[in-house]
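Asks: sequence and predicted structure below; questions after.
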Amino acid sequence: MVFAHDTEAALLAAVELVNSAAEPDTLTAVAQLDEFFDRHVYTGAHTGDAAELTAVRDLRPPLRELLTSDRDTAVTLVNRILVEHRAVPQLVRHGDVDYHVHAVPPEAPLPVRIAVETAMAMIDVIRADELSRLSICADAQCAGLVLDLSRNRSRRYCSTACGNRNAVAAYRARQR
């Protein structure tokens, strides 16, 4: 399944945000939030202060719940987010990005935009019945989220580090 660019971008950002809570926490400073904002090409309001950092960090548990839910629960959570933030989907284009969906105005706080964009992306995932694209890392010592956008659905680990650690362990086990 190939998702629209904005769906993939929102899912990648949400998974990275949720996984930033794993030890060591990789979202503890405003500078790290600035890098996250730039890396995921967010537009609109970004205060870049401690309050915004705290609000974005507070999104991690509810987004984790959304991204790991069964289909019916995910529908309830998506609808709750959209109603809570009075999302009104509109087609927009800016910069080098052609038309895509924004559901809150550019002046909406960054945490609201992240929550709503994730909810909008999950609409596509739910409608396509592709929740199996989201899973927990296969590394027994990791609880990171995995977003598998591969054609053959072969992604099992949240990061190269987890994949390498398991490959080395399997190699060592075979050598015994």
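Replies: That came through, no problem.
Asks: ranges for the helices of this protein?
Replies: 5-19, 30-39, 50-58, 60-67, 71-84, 110-127, 160-175 (DSSP state H).
Asks: now tabulate the ones you listed in TSV and tack on mean neighbour count and distance to Ser150.
Replies: Placement of C-beta: from N, CA and C, glycine included. Converted to TSV, those look like this (neighbours: other C-beta atoms under 10 Å; distance: least, C-beta to C-beta, whole Å):
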stretch	mean neighbour count	distance to Ser150
helix 5-19	20	12
helix 30-39	15	21
helix 50-58	16	28
helix 60-67	19	17
helix 71-84	15	21
helix 110-127	22	15
helix 160-175	11	13
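Asks: list the contacts of Gly144.
Replies: For Gly144, the contact set (C-beta atoms under 8 Å, 6 or more residues apart in numbering) comprises 19, 22, 136-137, 158-159, 162.
Asks: which one of the helices of the chain has the lowest average pLDDT?
Replies: Of all those, mean pLDDT reaches its minimum on helix 160-175 (a mean of 89).
Asks: circling back to that earlier point, out of the helices of the chain, which is closest to Arg153?
Replies: Closest approach to Arg153 among the helices of the chain (C-beta to C-beta): helix 110-127, 13.6 Å.
Asks: contacting residues for the closest residue in space to Cys142 that isn't next to it in sequence?
Replies: Nearest non-adjacent residue to Cys142, counting by C-beta to C-beta, 6 or more residues apart in numbering: Cys162, 5.2 Å away. The contact partners of Cys162, by C-beta under 8 Å, 6+ apart, come to 137-139, 142, 144.
Asks: for those residues, which one is nearest His85?
Replies: His85 has its nearest neighbour among the contacts of Cys162 in Gly144, at 26.6 Å by C-beta to C-beta.
Asks: quick check: that closest one vs Gly163, distance?
Replies: 11 Å (C-beta to C-beta, to the nearest Å).
Asks: before we move on, the earlier item: mind putting the helices of the chain into JSON lines with distance to Gln90?
Replies: Shown next, in JSON lines, are the helices of the chain (distance: least, C-beta to C-beta, whole Å):
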{"stretch": "helix 5-19", "distance to Gln90": "12"}
{"stretch": "helix 30-39", "distance to Gln90": "21"}
{"stretch": "helix 50-58", "distance to Gln90": "23"}
{"stretch": "helix 60-67", "distance to Gln90": "22"}
{"stretch": "helix 71-84", "distance to Gln90": "13"}
{"stretch": "helix 110-127", "distance to Gln90": "11"}
{"stretch": "helix 160-175", "distance to Gln90": "37"}
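Asks: chain neighbours aside, what residue packs nearest to Asp70?
Replies: Nearest one to Asp70, counting by C-beta to C-beta, 6+ apart, is Leu131 at 7.3 Å.
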